[in-house]
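Asks: What follows is a predicted protein model with its sequence.
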Amino acid sequence: MSASPTTALTKLYPDARTALADIVHDGMLLAIGGFGLCGIPESLILALRETGVRNLTIASNNAGVDDWGLGLLLQTHQVKKMISSYVGENAEFERQFLAGELEVEFCPQGTLAERMRAGGAGIPGFYTRTGIGTLVAEGKEHKDFDGHTYILERGIRADVALVKAWKADLHGNLIYRRTARNFNPNAATCGRITVAEAEILVQPGQLDPDEISHPGIYIQRLVHNPHPEKRIEKRTTRKD
């Protein structure tokens, strides 16, 4: 199923490149779903690389691996800053960080998820105890509540969010599948423009309303990717 959008309620674009062409630019902030290589918007990341935009700030749990996911954008030096909670599987990330080529804002995993959710809910900031007494708390406002000290974390409001769904209808209603849900719902809400790629595409009315993970009001553009690679980040086999 492939067509250019003809109405406000038909959000499908012919391909990922077309969906991103007029909304990405140098120096922008993106929120991107996924956890490791699980639930990453593969075709949208490839299309983002092909646009050649640079000096990007990306809020995502991690930076993929050296040859897949967001690691592809590191290869081409398109990323200026990562806002992430885990970056341990990417040698090129490590090299760029240690060489001063990449800025990193480390953010506890739950805090990162809440920063995205808060941004999407119109909440500019929130207080949390996570990070107190560590480098995470340096330079942030501290405030006491009920005898405990909290730090202020800012919500994330991205220029564009890229997310991955298992199934979608043309209105942009999404169903995430199992652990591939991860950061995708929070990333989807915090984008001023959110682009989703889905493996299965159906007509409006064909999704059970009780099964919809994410309402289409948050999704502005949709891409069909029926054959994602779904690479395995770490393959473990039995040794006899």
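Replies: On my side now, so go ahead. Numbers count the residues shown, from 1 in each chain.
Asks: can you pull out the helices in the protein?
Replies: Using DSSP state H, the helices of the chain run over residues 16-20, 42-51, 71-75, 91-98, 109-120, 184-190.
Asks: Out of these, the one nearest residue 177 is which?
Replies: Of all these, it is helix 184-190 that lies closest to residue 177, at 10.2 Å by CB to CB. In this view, the C-beta of every residue, glycine as well, is placed from N, C-alpha and C.
Asks: and for the closest one, what are the contacting residues?
Replies: By CB atoms under 8 Å, 6 or more residues apart in numbering, the surrounding residues in contact with helix 184-190 are 31-34, 39, 59-60, 113-114, 116-117, 119-121, 155-158, 161-165, 174, 176, 194, 196, 213-214, 218-219.
Asks: switch the cut-off to 7 Å
Replies: Contacts to helix 184-190, defined as CB atoms under 7 Å, 6 or more residues apart in numbering, come from residues 31-33, 39, 113, 116-117, 119-120, 156-158, 161, 163-164, 176, 194, 196, 213-214, 218-219.
Asks: the strands in the chain, which residues?
Replies: Secondary structure of the chain (DSSP state E): strands located at 29-32, 56-59, 79-84, 103-106, 125-128, 142-145, 148-154, 158-169, 174-175, 191-202, 221-224.
Asks: just how off-centre is the shortest one within its chain?
Replies: The chain centroid and the centroid of strand 174-175 are separated by 15 Å under CA atoms, centre = their mean, to the nearest Å.
Asks: Please convert the helices of the chain to TSV, extending it with mean pLDDT and mean neighbour count.
Replies: Converted to TSV, those look like this (pLDDT from 0 to 100; neighbours: other CB atoms under 10 Å):
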stretch	mean pLDDT	mean neighbour count
helix 16-20	96	20
helix 42-51	96	20
helix 71-75	94	20
helix 91-98	92	16
helix 109-120	96	21
helix 184-190	96	25
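Asks: Could I get those helices in CSV, plus columns for distance to residue 136?
Replies: Formatted as CSV, the helices of the chain follow (distance: least, CB to CB, whole Å):
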stretch, distance to residue 136
helix 16-20, 32
helix 42-51, 27
helix 71-75, 23
helix 91-98, 16
helix 109-120, 8
helix 184-190, 19
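Asks: Ok, which of the ones you listed comes nearest residue 225?
Replies: Between those, helix 42-51 lies closest to residue 225; by CB to CB that is 4.4 Å.
Asks: who's in contact with the closest one?
Replies: Residues outside helix 42-51 that contact it (CB under 7 Å, 6+ apart) are 16-17, 20, 24, 69-70, 72-73, 76, 78, 162, 195, 197, 223, 225, 228-229.
Asks: Which of those are buried? Put it as a ChimeraX command.
Replies: A single ChimeraX command selects the buried members of the contacts of helix 42-51 (16 or more other CB atoms under 10 Å):
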select :16,17,20,24,69,70,72,73,78,162,195,197,223,225,228
